[in-house]
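>>> coords please:
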Amino acid sequence: MAWTLSSGRESVRIEPEPRLVLNDYAGVLQGLVSGLGISELPGFLCKAALQQGRLVEVLPKWQFASVKMAAAFPSNRNLSPLVRSFKDFCAKYFESHPLA
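Now for the predicted structure:
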């Protein structure tokens, strides 16, 4: 899988050759802390490990492309008050708290 990184107006595409592929962020974080390599993780997942010095950020001036999130729920017409409240909370929260 290729990585597209950007810094200002410059953009670079990198095609790493992974030796380990995981589909679980907790596993990726554990692998990084164990020294198995580099990866891209959302900031909120690795913030504590970075602050504790268990991880080191590489290429701090470069950013990965944004990721879009989606939530699946029944139509708004028959949405329960609980689901509607959760949906509204998430929309408001992620506007002011990006996952980066």
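>>> domain ranges for this structure?
1-65, 66-100 (automatic domain parsing).
>>> Show the backbone phi and psi for the residue nearest the centre of the chain.
Residue closest to the average C-alpha location in the chain (C-alpha atoms, centre = their mean): Pro42, at 2.8 Å. Here is the backbone geometry of Pro42 (degrees, to the nearest 10): phi -60, psi 140.
>>> Would you mind finding the most buried of the domains of the chain?
For the domains of the chain, average neighbour numbers computed from mean count of other C-beta atoms under 10 Å are highest in domain 1-65, which has a mean of 11. Placement of C-beta: from N, CA and C, glycine included.
>>> Mean pLDDT added to the domains of the chain, as a markdown table?
Output for the domains of the chain, formatted as a markdown table (pLDDT from 0 to 100):
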| stretch | mean pLDDT |
| --- | --- |
| domain 1-65 | 91 |
| domain 66-100 | 79 |
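>>> distance of Ser7 from Ser85?
Distance, Ser7 to Ser85, by C-beta to C-beta, to the nearest Å: 39 Å.
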